[in-house]
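Asker: predicted model and sequence below, questions to follow.
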Amino acid sequence: MKTLRKIIICLLVFAIAAAVPITVHGAIEAEAGKSVTVSFTLNKIYGVDGFFEFSNKSLFRSIKYSYSGKISGDVSDDKVFLYGSSEGDVKITVSVTLARNAKVGDTCDIKLTYETSDLYGGVSDWKTMTKTVKVKATPVVTEPPVTEPPETEPPVTEPPETEPIIDYTELQKQIDIASSLDKREYTTESWARLAEALEKGIGLLTSLSQSEVDEGARELAEAIAALVRIDLSPLQLAVNRAHDLDEACAHGKLWFRLCELLNEADQLLAGGADRDQQKADELAQKINDVIDQILADYANHGAQTVEIIKEVTVEVPIEPTDPYCNIPMHKVWPVLFFIALGIILIMTALYFVFFVKRKENRKDDMPIVDYDIADDDVTKEL
């Protein structure tokens with residue numbers, strides 16, 4: 001009997017658990033059109049590098065980031081890069097505003113993938129933190145009915161005003177298509193119309209008028225359909241042909257003209273100039289014409305026949321007075337030669353005079369004495 005009772009109690013517990021609706025564990029709930037904040041706290045770190053991912057980013061109308069702690073850096077565009085000089089705690093806050101047309105029960109997981117750094121610059125393994133935002137139903141406030149005396153008429157109650165639910169799906173679709181296009185592939189005139197419609201469409205993402213939103217989506221779609229594609233392949237081929245020219249083909253004014261045309265082509269290909277199909281074709285034709293002239297000139301005259309005309313100022317020389325030479329230095333050199341020759345002769349004469357004087361000084365002028373040994377003996381006897 002006791003065992004049967006336990007079985008019945010267990011069945012009742014399972015039945016009650018099954019009847020309870022499943023909810024997102026730890027989800028942060030907010031009403032459609034309202035704002036809510038989600039925080040991620042990192043403890044005892046010197047720096048953090050990471051990025052945010054959203055499972056349902058269209059659920060939010062706007063997303064803003066902020067952080068606090070003894071740390072510097074930036075948190076923007078779904079990216080995190082913070083650094084500090086000491087260990088501390090960092091709190092990163094994500095403030096989101098739910099779309100007005102968000103449905104009750106819709107959720108979005110906000111995942112932070114990050115790596116932290118230590119005192120010595122070492123980084124940790126990649127980690128993740130996930131927070132969930134869920135759309136909850138707007139609570140209906142019911143007031144107790146006001147009882148009036150029977151002789152008075154009941155007051156007329158107007159329904160509570162609610163914000164209209166705006167569908168931005170088509171407008172957002174056209175904005176994404178327009179943003180993915182490259183303006184260099186279309187003419188300037190058609191792209192200017194698209195840019196104007198795109199700017200207007202982005203501004204209508206916060207509009208509360210469904211008709212304005214639909215009109216902006218329609219105008220943007222028409223501007224995309226009216227784009228005129230420009231074919232720059234002939235111009236690109238002409239530019240490539242010019243770059244393949246041998247430098248030996250360079251011929252004065254034609255080469256300078258080719259350089260000017262190539263500068264115009266580079267600006268047009270880069271999207272910095274007015275893009276018009278006729279202008280691009282004419283520029284390609286001009287480049288090809290100049291190249292043909294250069295090649296023809298090279299074939300007829302060769303690479304060395306370059307005519308350069310330059311005006312120079314010529315000074316008329318003074319008529320020479322000497323019938324033989326009018327260069328002053330040619331008169332100086334003979335004078336210097338004879339001066340040098342005279343100095344050499346003088347030095348030679350002085351050298352010989354000095355040599356003769358020296359030889360005379362060495363001559364012995366002492367008289368020769370007749371010396372006899374016998375004289376010595378006579379001296380001794382005396």
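Answerer: That came in fine, so what should we check first? Numbering: from 1, shown residues only.
Asker: now residue 111: which helix or strand?
Answerer: strand 107-117 (DSSP states H and E).
Asker: that strand - what's its average pLDDT?
Answerer: Across strand 107-117, pLDDT averages out at 89.
Asker: compute the inter-axis angle for the helix or strand just after that strand and strand 107-117.
Answerer: Scanning forward in sequence from strand 107-117 by DSSP H and E, the next helix or strand is strand 127-136. Relative orientation of strand 127-136 and strand 107-117, computed by axes from the mean of the first three to the mean of the last three CA atoms, to 10 degrees: 160 degrees.
Asker: which secondary structure elements does strand 127-136 contact?
Answerer: strand 28-31, strand 35-54, strand 79-98, strand 107-117 (3 or more CB pairs under 8 Å, 6 or more residues apart in numbering; DSSP states H and E). Using the backbone N, CA and C atoms, a C-beta is placed for each residue, glycine as well.
Asker: which residues touch the first one?
Answerer: Contacts to strand 28-31, defined as CB atoms under 8 Å, 6 or more residues apart in numbering, come from residues 36, 38, 98, 131-138.
Asker: widest-spaced pair of the residues you listed?
Answerer: When CB to CB is used, the two most widely separated members of these are 131 and 138, lying 22.2 Å apart.
Asker: of the two, who's got more company?
Answerer: Counted by other CB atoms under 10 Å, residue 131 and residue 138 do not tie: residue 131 has more neighbours, with 16 against 13.
Asker: ok, what's across the strand from the closest residue to that one other than its chain neighbours?
Answerer: Leaving aside its chain neighbours, residue 131 sits nearest to residue 38 (4.6 Å; criterion: CB to CB, 6 or more residues apart in numbering). Residue 38 has the following beta-bridge partners by DSSP bridges: residue 94.
Asker: that older thread, can you redo the helices and strands packed on strand 127-136 as JSON lines with mean neighbour count?
Answerer: Shown next, in JSON lines, are these (neighbours: other CB atoms under 10 Å):
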{"stretch": "strand 28-31", "mean neighbour count": "17"}
{"stretch": "strand 35-54", "mean neighbour count": "17"}
{"stretch": "strand 79-98", "mean neighbour count": "17"}
{"stretch": "strand 107-117", "mean neighbour count": "18"}
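Asker: can you give the domain ranges for the chain?
Answerer: 28-136, 169-225, 233-301 (automatic domain parsing).
Asker: re the thing from before, which residues touch the residue nearest to residue 131?
Answerer: Counting by CB under 8 Å, 6+ apart, residue 38 touches 28, 93-96, 110, 131, 133.
Asker: do residue 174 as well
Answerer: 201, 217, 220-221, 224.
Asker: how much space between the residue nearest to residue 131 and residue 253?
Answerer: To residue 253, residue 38 is 69 Å away according to CB to CB, to the nearest Å.
Asker: again, but for residue 291
Answerer: Noted for residue 291: a distance of 14 Å to residue 253, by CB to CB.
Asker: tell me which of these two has more neighbours.
Answerer: Using other CB under 10 Å, the more surrounded residue of residue 291 and residue 253 is residue 291, with 19 against 9.
Asker: surely that one touches residue 244?
Answerer: No. When contacts are counted by CB atoms under 8 Å, residue 291 is not listed as touching residue 244 (9.4 Å).
Asker: any low-confidence regions in the protein?
Answerer: Scanning the chain for pLDDT under 70 picks out the ranges 1-26, 139-164, 246-252, 271-273, 301-330, 360-382.
Asker: all helices for it, in order.
Answerer: Per DSSP state H, the chain carries helices over the ranges 2-19, 169-179, 188-203, 210-225, 233-243, 252-269, 277-301, 328-361, 374-381.
Asker: got CSV for the ones you listed, with distance to residue 105 too?
Answerer: CSV is the format used below for those (distance: least, CB to CB, whole Å):
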stretch, distance to residue 105
helix 2-19, 18
helix 169-179, 19
helix 188-203, 29
helix 210-225, 23
helix 233-243, 53
helix 252-269, 52
helix 277-301, 53
helix 328-361, 107
helix 374-381, 160
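Asker: closest one to residue 56 among those?
Answerer: If we rank those by CB to CB, the stretch that ends up nearest is helix 169-179, at 13.9 Å.
Asker: give the buried residues for the closest one.
Answerer: For helix 169-179, burial by neighbour count (16 or more other CB atoms under 10 Å) applies to 171-172, 174-175, 178.
Asker: okay, those residues in CSV with distance to residue 51 next?
Answerer: What follows is these, written out as CSV (distance: CB to CB, whole Å):
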residue, distance to residue 51
171, 28
172, 23
174, 28
175, 23
178, 26
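Asker: wait, residue 67 touches residue 94, no?
Answerer: No. Counting by CB under 8 Å, residue 67 stays clear of residue 94, with 10.0 Å between them.
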